[in-house]
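Novice: just the structure for this:
(chains A and B)
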Amino acid sequence: MNKAWQNIRADFPILDQQVNGRPLVYLDNAATSQKPQCVIDALTHYYEHDNANVHRGIHTLSMRATFAYEAARERSAKFLHAAEPGEIVFTAGTTDSINLVANAWGDENLKAGDVILLTEMEHHSNLVPWQLLARRTGAKLRYLPVVAGDSGALDLAQLAKVLTPDVKIFAFTHVSNTLGVINPAAELCAAARRVGALTVVDAAQSAGHMPLDVRAMGCDFLALSGHKMCGPTGVGILYGRKALLDAMPPYRGGGSMISNVEYFESKWAPAPQKFEAGTPNIADVIALARAMDYLDDLGREAIAQHDEKLAAHAYARLAAEIPGIRMLGPAHHRSGVISFDLPGVHAHDVVTMADQEGVALRGGHHCNQPLMRKLGLSSTSRASFYLYNTEEEIERLVQTLQKIQKFFAG
Amino acid sequence: MQDLTDLYQSVILDHNRRPRNYSVLPTANRVGSGNNPMCGDQITVYVKLEGDRIADVSFQGSGCAISKASASLMTVNLKGKTIPEAEAIYADLHKMVTTGKVEDDNMSDLAALAGVYQFPARIKCATLGWHAALNAAKGDEKPATTELPGD
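Specialist: Predicted structure coming up:
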């Protein structure tokens, strides 16, 4: 590990606090990650020195803001190995990115009888926009199933059966936010390409956690959120192949997205500006680029290894030391998301009690209600790890769950 | 976990472990349902109404210890009450879980829910079953949900 990893917890001021009288153990990273000081500083610096509206301004501050905003686009293209910065659209987050594709591409290209293929493990954000599109166009939804049992893996044996030539678009998550499964994105994209279907990859849970190369993956679109990868809330990215973005109509109309406006019609700016109507989220975009620098200084491969090591350790310890616990998701080769069911104790009771011990978990359906029903559960408890978590914190998690179990056994 | 005994009093833990009237009521003439879309809690309440009196009441569903225990306590406390009496009890309960103030002596075992007010995120858990029951008794077929104005 390089020296960026030394003293990593000191980079995150929020971690240094007591919650309910105990040192905070933050294990809700799949919901949102904490922010390093350099990202907080980037926000502050922008507002203290450079704040101005972008693109049309001629004065110095506006040029500075425009330069930093467009530099962030170049940084993002590099982060994802996109072919050019013009393939990067800044959005409000993963949900916004997926809605953009479902509306701008979907309304133009889908008709009744076409098939939208999803998987059974999608977050509501990669499910509801497609349901709305299906309703608007008469297209049908179809699902690649998850195998029976608790491993949570996609049933790839069914892929050829569901991925037929009537599938026009295949949207799937790279990493499950509920089960920690890492899906074989390149393999799924290649299979879609063979039947002429476009692919949309939900990278919300992977972008800050592992190397991403959109060209090696072979996806047509990829969506991510800044706030889950050490960046600010309210900013995200839609990557789209340039030819596709160029051919798509706009999603929202307004300033910045036009080349010429008449009273009765307008001409659009080229992509990606066509999709960025209105004043963009300048400060957060700039801070997101700083977060990318931070992650790359640590090394995304090293982050992936760190996550996987912690998750494997936690999985093994919980399975061994919490009697009766039901572990969900794969035992190996997983992301840093651990989901479990403590028999007889509802997930919200687990989370409330863990909070009293200073341990931040998440309980519920994780925006994944259909999958929960399939697993026969109404909710699970989830611990999700990130680069600043430690084995000592897993020790606190184990002790806390033991306490909770004892309490409820009465 | 000393502080947590405020929230998870022994009465709550007992009703969570052995919920009372936890069954389908064959003689029910009103059925109400409730759900908390944010956490996935779901409850169905069965009411046998005679005039404006709740002659019998039962429930089934899934939820956390607070929601299950509160629904269980609801069945015990509302059985035999008229609708106005039931509404008065619920008003006291609602005040208790939002302010911590125990209104009067007749709260009896419901006072076990007083600690909920210290955990604002859990107030909705404590009120869901009551909503569903009162809606059913009053003939409101709409499912109770925690995501509408007012608890």
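
Novice: only C-alpha atoms from now on, for both contacts and neighbour counts.
Specialist: OK.

Novice: so which elements touch the helix or strand containing B:Lys124?
Specialist: Using DSSP states H and E, B:Lys124 sits in helix B:123-137. For helix B:123-137, the elements it packs on are strand B:30-36, strand B:41-50, helix B:65-78, helix B:83-99, strand B:144-145, judged by 3 or more CA pairs under 8 Å, 6 or more residues apart in numbering or on different chains; DSSP states H and E.

Novice: out of these, nearest to chain A?
Specialist: helix B:65-78 (6.5 Å; CA to the nearest CA).

Novice: tell me the residues on the stretch 301-410 of chain A that lie near chain B, please.
Specialist: Listed as neighbours of chain B in the stretch 301-410 of chain A under the rule CA under 8 Å from any CA of the partner chain: A:345-349, A:353, A:356-357, A:363-365, A:369, A:378-379, A:403, A:408.

Novice: give me the subset of those that lies in helices.
Specialist: A:347-349, A:353, A:356, A:369, A:403, A:408 (DSSP state H).

Novice: neighbours around the nearest residue to B:Lys68 once chain neighbours are set aside, how many?
Specialist: The shortest distance from B:Lys68 to any non-neighbouring residue, by CA to CA, 6 or more residues apart in numbering or on different chains, is to B:Asn16 (5.7 Å). B:Asn16 is flanked by 25 other residues according to other CA atoms under 10 Å in any protein chain shown.

Novice: which element is A:Gly324 on?
Specialist: Going by DSSP H and E, A:Gly324 is not in any helix or strand.

Novice: nope, A:Ser97 is what I was after
Specialist: Using DSSP H and E, A:Ser97 falls in helix A:94-100.

Novice: what are the ranges of the helices in chain A?
Specialist: Using DSSP H, helices in chain A cover A:37-45, A:60-80, A:94-100, A:106-109, A:128-137, A:159-162, A:185-194, A:214-217, A:242-247, A:282-298, A:300-321, A:347-356, A:369-375, A:391-409.

Novice: adding mean neighbour count, write those helices out as CSV.
Specialist: Below are the helices of chain A laid out as CSV (neighbours: other CA atoms under 10 Å in any protein chain shown):
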stretch, mean neighbour count
helix A:37-45, 18
helix A:60-80, 19
helix A:94-100, 23
helix A:106-109, 16
helix A:128-137, 18
helix A:159-162, 14
helix A:185-194, 18
helix A:214-217, 16
helix A:242-247, 17
helix A:282-298, 23
helix A:300-321, 19
helix A:347-356, 22
helix A:369-375, 18
helix A:391-409, 17
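
Novice: poorly predicted segments of chain B, please.
Specialist: B:1-3, B:104-106, B:141, B:146-151 (pLDDT under 70).

Novice: pick out the residue of chain A closest to chain B.
Specialist: Relative to chain B, the nearest point of chain A is A:His346 (4.7 Å; CA to the nearest CA).

Novice: my guess is that residue meets B:Ala65, correct?
Specialist: Yes: assessed by CA atoms under 8 Å, A:His346 is found in contact with B:Ala65 at 6.5 Å.

Novice: out of these two, which sits in the busier spot?
Specialist: For A:His346 versus B:Ala65, neighbours defined as other CA under 10 Å are more numerous around B:Ala65 (27 against 22).

Novice: and the more buried one, what is it in contact with?
Specialist: A:345-346, A:349, B:12-13, B:16 (CA atoms under 8 Å, 6 or more residues apart in numbering or on different chains).

Novice: now do the contacts for the residue of chain B found nearest chain A.
Specialist: Nearest residue of chain B to chain A: B:Cys64, at 4.7 Å (CA to the nearest CA). Neighbour list for B:Cys64: A:345-349, B:41, B:125 [criterion: CA under 8 Å, 6+ apart].

Novice: A:Phe340: how many residues sit nearby?
Specialist: 22.

Novice: nearest residue to it other than its sequence neighbours?
Specialist: A:Met327 (4.6 Å).

Novice: my guess is the one you found meets A:Ser339, correct?
Specialist: Yes: assessed by CA under 8 Å, A:Met327 is found in contact with A:Ser339 at 6.4 Å.

Novice: so how far is A:Trp130 from B:Lys68?
Specialist: 35 Å (CA to CA, to the nearest Å).

Novice: if we can go back for a sec, quick one: the helices of chain A as JSON lines, columns for mean pLDDT too.
Specialist: Listed next are the helices of chain A as JSON lines, based on pLDDT from 0 to 100:
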{"stretch": "helix A:37-45", "mean pLDDT": "98"}
{"stretch": "helix A:60-80", "mean pLDDT": "96"}
{"stretch": "helix A:94-100", "mean pLDDT": "98"}
{"stretch": "helix A:106-109", "mean pLDDT": "97"}
{"stretch": "helix A:128-137", "mean pLDDT": "98"}
{"stretch": "helix A:159-162", "mean pLDDT": "98"}
{"stretch": "helix A:185-194", "mean pLDDT": "98"}
{"stretch": "helix A:214-217", "mean pLDDT": "98"}
{"stretch": "helix A:242-247", "mean pLDDT": "97"}
{"stretch": "helix A:282-298", "mean pLDDT": "98"}
{"stretch": "helix A:300-321", "mean pLDDT": "96"}
{"stretch": "helix A:347-356", "mean pLDDT": "94"}
{"stretch": "helix A:369-375", "mean pLDDT": "85"}
{"stretch": "helix A:391-409", "mean pLDDT": "95"}
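
Novice: which stretch among these comes nearest A:Asn29?
Specialist: The minimum distance between A:Asn29 and the helices of chain A falls on helix A:300-321, with 10.9 Å, by CA to CA.
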